[in-house]
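J.: just a sequence and a predicted model for now, questions to come.
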Amino acid sequence: FTTFTRVKAHFEEYLSQKSRMNKSCLDLSSGRSNSNCSIGMDEGLFEQPEPLASSKAVMEKIVWQRSLQMRSQQQAWQESAEGSRMLEFRRSLPAYKKKEEILSVISRNQVVIISGETGCGKTTQIPQFILESEIESVRGAACNIICTQPRRISAMSVSERVAFERGEKLGESVGYKVRLEGMKGRDTHLLFCTTGILLRRLLADRKLKGVTHVIVDEIHERGMNEDFLLIILKELLLHRPELKLILMSATLDAELFSSYFNGAPTMFIPGFTYHVRTHFLENILEMTGYRLTPYNQIDDYGQEKMWKMNRQVPRKRKSQIASVVEDAIRAADFKDYSPHTQESLSCWNPDCIGFNLIEYILCNICENERPGAVLVFMTGWDDISCLKEKLLTHTVLGDPNRVLLLTCHGSMASSEQRLIFEEPEAGVRKIVLTTNIAETSITINDVVFVLDCGKAKETSYDALNNTPCLLPTWISKVSSQQRRGRAGRVQPGECYHLYPRCVYDAFSEYQLPEILRTPLQSLCLQIKSLRLESISEFLSRALQSPEILAVQNAIEYLKIIGALDEKENLTILGRYLTMLPMEPKLGKMLILGAIFNCLDPILTVVAGLSVRDPFLTPLDKKDLAEAAKSQFCGEYSDHLALVRAYDGWKDAEMDMGGYEYCWKNFLSLQSMKAIDALRREFICLLKDTGLVDSNAASCNAWSSDLNLIRAVIFYGLYPGIGSVVNNEKSFSLKTMEDGQVLLYSNSVNTRETKIPYPWLVFNEKIKVNSVFLRDSTAVSDSVVLLFGGSLLKGDADNHLKMLGGYLEFFMDPSVVEMYQSIRRELDAFIQGK
Ligand code: CDP
Ligand code: MG
C-alpha cells in the first residue's frame with residue numbers, strides 16, 4: 001500500500017514538474033498559451049484611440065476628427081455607383097425596413113432581443129445600423145461593437161461580407177477575431193468574434209472597458225458557451241449601465257430571454273420564403289419501387305409498431321442505381337425501428353442507408369431537375385468527407401463539368417468558404433455538403449434543393465470553446481424546419497428528409513439547450529479555468545440551470561478522476577484537461593498515454609471511442625463477420641481489439657490494400673478513416689498542451705506493452721469498473737451501484753466463458769431493462785491498486801481485502817514485473833527525460 005501511494009505521488013510530481021516547465025502554457029489568466037497557440041489575451045479587442053494622448057480634451061478632439069473622417073468616407077461610398085447598388089440591396093432586406101425602430105428600441109433600453117427568420121439581415125445589418133447611427137452622429141470613433149458568433153467560420157465570413165457591403169477592406173472599420181486568427185486595425189469599431197474569444201477577454205478584463213455594444217448572435221442555438229456568456233454579461237450589465245446588449249435569434253422563443261433580462265423588450269422581423277415541397281423517406285422510397293409499411297408485433301415488451309420494407313410492385317430493376325438503393329435499404333434494419341418514443345429513435349439508423357440514398361437523390365436531381373444549388377445536411381465532418389469521396393467516383397456527380405462539389409463545416413479555410421457563396425458556371429450544379437452550420441448561421445443564396453439526414457453532431461476541437469465531442473443525435477422539429485426553409489429562399493424548392501414522417505413526429509419541438517443535455521464535466525472545468533466562484537452557485541444563475549444533482553455529480557466525478565481537489569480547485573491534471581476539448585475521461589487517457597510512452601495505441605482507443613463501431617455485422621453474413629472479428633480478440637478487451645484492427649488496416653493501407661482489408665475483415669472503412677483523422681487532431685492538441693514534443697515518436701517507447709496499455713485505459717475510464725465472478729462454465733459481472741450487469745452484445749468478452757482477470761473497466765453503462773456495459777477491457781488487481789484513485793482512500797484495509805489481499809498480490813511475479821516497468825518509466829520522467 002505504501003509503495004503504491006509512493007508511485008502515485010511520483011506521478012503527481014511528474015505532472016507538476018511538467019506544469020512548471022509549461023507555466024506559460026498553463027497559466028490561462030495570462031492568456032498566453034505556448035508558441036503556436038497564441039490567443040493574444042494581452043491585447044484588447046479594440047485599440048485605444050490614441051495611447052499617447054495626454055489629456056482628455058486632446059483625446060476627445062482626436063476621436064471627433066476620426067469620426068468626421070469615417071462619416072465622409074461612408075458618404076462617398078454610398079454615392080458611388082457600386083455603393084448605391086449595395087445600399088439598394090441592403091434596403092431590400094426585411095431587417096432594413098425596421099432600421100429606425102430597431103435603433104430606437106436599442107437607444108431606450110439596455111437589453112433588446114431581436115428575432116427574425118434566417119436571411120432577413122440580422123447578422124449583417126443590425127451591427128451596421130448601430131455603427132452607422134454612431135457615425136452619423138459623429139461618435140463613430142468612440143463606439144466599439146462586438147458581435148459574437150457560435151462558430152469561427154461565421155465570424156470570418158460575416159465580417160468579410162459586412163466590410164464588402166461598406167466598400168472597405170477587412171480590418172478597416174470592420175474586423176474579426178477567432179482563435180489563432182484575426183484581422184483588425186486601429187480603426188476597427190465593429191468586431192465579429194467567436195463566443196469563446198469574448199469569454200477569454202472577460203477573464204482579463206471583467207468590465208469590457210471601451211466596449212459600447214455587445215451583440216450575441218444565434219442565441220436560439222442555446223450553445224453552452226452562449227448560455228455561459230449570458231450569465232457573465234447579466235452580472236456585468238449591473239456594473240456598466242451604459243453598455244448595450246443585443247440578443248439575436250432565428251426562432252421565436254424570445255420570451256425566455258426577455259424574462260431572464262427582467263422583461264427586456266423583444267422585436268420581430270418578419271421574413272418571406274417560397275413554398276418548399278417536402279418528401280419524407282416513404283415518398284423517396286416509392287420512387288425506387290419500395291414501400292415502408294408498419295406492422296404490429298407482440299414481443300417481450302408488449303405490442304410494438306415495427307417497420308417492414310416491401311417491394312411494392314414486382315418490377316424489373318429500373319437501373320443500376322435502383323439496385324444500389326435496394327441493397328442499402330436491406331442493410332438498414334427496419335425491423336428494429338418503432339416510432340413514438342424518443343428512445344426508439346436511436347434504433348432507427350439512417351447511417352446505414354444514408355450514402356447510397358443520397359447518391360441516388362443527387363443523381364436524380366442532376367439528371368432530371370431544374371437548375372438550382374443543392375444543400376446536403378450531414379451529421380458531421382467525418383460523414384461529409386466520406387460522402388464526398390464516394391460521390392467523386394460517380395460518373396455524373398464526380399464530373400467537374402457538371403457538378404461543383406463543395407463542403408461546408410466549422411473549420412474550413414477561408415478560400416474554401418468563398419466558393420460556397422459564388423455562383424457556378426452555367427450548366428454546372430453546385431452541391432454543398434454541410435454540417436448544421438448552414439442551418440441558420442450561413443446563408444447560401446441559390447439553394448433550391450435540400451437533403452436532410454435528420455441528425456447533427458458538432459465536433460469542435462477548439463480548446464477555447466471547449467465543446468466536448470458529441471455523438472450524432474436527432475435534430476429538433478425547429479431545426480428540421482430551418483433546414484427545409486433553406487430551399488425556398490429564391491424560388492419554390494424541394495426538401496428530401498431521409499427519415500420517415502413518423503420519426504419527424506417523434507422529434508422534440510426544440511433541441512434541449514446544450515447545458516442541459518451534455519455532461520457538465522467539461523463546463524465545470526471551464527468555469528474553474530476562468531477562475532470563477534463556486535461552480536454550483538455560478539450555474540444556478542443560468543438561463544435554465546442544470547439540475548443540482550447533475551452539477552454535484554459532475555463535480556464529484558471530477559474529484560474522483562483527480563481533475564479537481566477537495567476544495568474544487570483545478571489540479572494540474574485538471575488544467576491540462578481544460579486544454580483538451582473532449583470528455584475528461586478521454587482527455588485523461590490521452591495525457592496518460594503521452595506520459596507513459598504508449599501514445600500510439602491510446603490515440604486509437606480514444607479516437608475509436610469517438611466514432612461509430614468499426615466492426616460491422618451484416619445480418620446475412622453474421623457468422624463470417626464474427627469469424628473475422630475473432631482474429632482481433634484474445635486480449636479480453638474491446639479496446640485492444642480495435643487497436644489491432646486499426647494497426648492491421650494501417651499496414652494494409654501502406655501497401656494500398658486498405659479497402660480490401662476492411663472488406664475482408666468486415667470493418668468500416670469510414671470509421672477507420674475517421675479514427676485516422678481524429679488521431680492526427682489529438683496529436684496536434686497534445687502538442688499544443690506541451691505534453692508531446694514536436695516528434696511524437698518519442699512517446700511510443702512502450703507502445704507494445706499490453707499491460708501498460710491496459711493500465712492506462714483503466715486509469716482513463718476509472719471509476720467505470722465492474723468485478724468479474726467466474727463460475728463453472730460462465731462468468732458474471734457486478735458493479736458497485738447496479739449489482740448484476742451484462743455485457744453489450746458486440747463486446748469481444750461475450751465470446752469468452754471465463755475471464756482470467758478479476759476486473760473489467762468499461763466506457764459506458766446503458767440501462768435498457770438490465771444494465772449493459774459497453775466497450776470493456778479486463779484488468780488485473782495490480783492495475784486497480786495502482787490507479788484506482790480514491791478507492792485507496794478511506795478504508796484501505798477493507799479494499800485490499802476485497803482485491804484479494806496484499807501479500808498474495810505481491811507474490812505474483814508478473815504483477816511485480818509490471819509494477820517495476822511502470823515505476824522505471826515514471827522515474828525516467830521525473831529525472832527530466
Ligand atoms: O443573420 P440573418 O440570417 O438574419 O441574415 P444575414 O446573415 O444578415 O444575411 C442577410 C442577407 O445577406 C442574406 O439573405 C444574403 O442575401 C446576404 N448575404 C450574402 O449575400 N453573402 C453573405 N456572405 C452573407 C449574407
Ligand atoms: Mg445570422
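T.: The structure has been received and is ready for your questions. Ligands and ions are numbered 1, 2, ... in the order given.
J.: from here on, contacts and neighbour counts on C-alpha atoms
T.: OK.
J.: quick one: stretch 571-578 to chain centroid distance?
T.: 20 Å (Cα atoms, centre = their mean, to the nearest Å).
J.: one more: stretch 747-758?
T.: Its chain's average C-alpha position is 34 Å from that of stretch 747-758, according to Cα atoms, centre = their mean.
J.: any idea how many residues pack against residue 729?
T.: 8 (other Cα atoms under 10 Å).
J.: swap that for residue 233, sorry
T.: What residue 233 shows, counting by other Cα under 10 Å, is a neighbour count of 20.
J.: ok, now which ones touch it?
T.: Applying Cα atoms under 8 Å, 6 or more residues apart in numbering to residue 233 gives no contacts.
J.: that one belongs to a helix, doesn't it?
T.: Yes: assignment of residue 233 by DSSP: H, G, I helix; E, B strand; the rest coil places it within a helix.
J.: where does the stretch 201-350 of the chain dip in pLDDT?
T.: 287-350 (pLDDT under 70).
J.: show me the contacts for the residue in it that ligand 1 sits nearest to.
T.: Nearest residue of the stretch 201-350 of the chain to ligand 1, counting by Cα to the nearest ligand atom: residue 250, 6.9 Å away. By Cα under 8 Å, 6+ apart, the contact set of residue 250 is 115, 116, 117, 118, 218, 219, 220, 440.
J.: and stretch 151-167, anywhere near ligand 2?
T.: No: taking Cα under 5 Å from the ion as the criterion, stretch 151-167 and ligand 2 are apart, separated by no less than 8.5 Å.
J.: circling back: so which of the contacts of residue 250 are in strands?
T.: By the criterion of DSSP state E, membership of those in strands covers 115, 116.
J.: show me where the stretch 151-300 of the chain has strands.
T.: Using DSSP state E, counting those that start in this stretch, the strands of the stretch 151-300 of the chain run over residues 174-178, 181-183, 190-194, 213-216, 244-249, 266-269, 276-279, 290-299.
J.: which among those is found nearest to residue 729?
T.: strand 290-299 (29.3 Å; Cα to Cα).
J.: the strands in the stretch 351-500 of the chain, which residues?
T.: 373-377, 403-408, 429-434, 447-452, 455-456, 473-474, 493-497.
J.: could the ones you listed go into a markdown table alongside mean pLDDT, distance to residue 669 and mean neighbour count?
T.: Conversion of the strands of the stretch 351-500 of the chain to a markdown table gives the following (pLDDT from 0 to 100; distance: least, Cα to Cα, whole Å; neighbours: other Cα atoms under 10 Å):
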| stretch | mean pLDDT | distance to residue 669 | mean neighbour count |
| --- | --- | --- | --- |
| strand 373-377 | 96 | 21 | 26 |
| strand 403-408 | 92 | 20 | 20 |
| strand 429-434 | 95 | 20 | 24 |
| strand 447-452 | 95 | 23 | 25 |
| strand 455-456 | 82 | 21 | 23 |
| strand 473-474 | 76 | 22 | 18 |
| strand 493-497 | 94 | 26 | 23 |
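J.: which of the helices or strands spans whatever residue of the stretch 51-200 of the chain ends up closest to ligand 2?
T.: Nearest residue of the stretch 51-200 of the chain to ligand 2 (Cα to the ion) works out as residue 123 at 4.2 Å. Following DSSP states H and E, one finds residue 123 within helix 122-136.
J.: now residue 154: how far from residue 379?
T.: 19 Å (Cα to Cα, to the nearest Å).
J.: what's the burial count for residue 673?
T.: Count around residue 673 with other Cα under 10 Å applied: 18.
J.: from the chain's centre, how far out does the host helix or strand of it sit?
T.: Here residue 673 sits within helix 669-689, counting by DSSP H and E. Distance, stretch centre to chain centre, for helix 669-689: 14 Å (Cα atoms, centre = their mean).
J.: and residue 142, how many neighbours does it have?
T.: Residues contacting residue 142 under the criterion other Cα under 10 Å number 20.
J.: hmm, it is touching residue 63, no?
T.: Yes: counting by Cα atoms under 8 Å, residue 63 is a contact partner of residue 142 at 6.3 Å.
J.: residue numbers of the chain in contact with ligand 2?
T.: Taking Cα under 5 Å from the ion as the contact definition, the chain meets ligand 2 at 123, 441.
J.: ok, longest helix in the chain?
T.: Across the chain, the longest stretch assigned as helix under DSSP state H is helix 56-79.
J.: check the offset of it from the chain's centre.
T.: 43 Å.
J.: from the contact counts, what lies against it?
T.: In this structure, helix 56-79 makes packing contacts with helix 81-92, helix 122-136, judged by 3 or more Cα pairs under 8 Å, 6 or more residues apart in numbering; DSSP states H and E.
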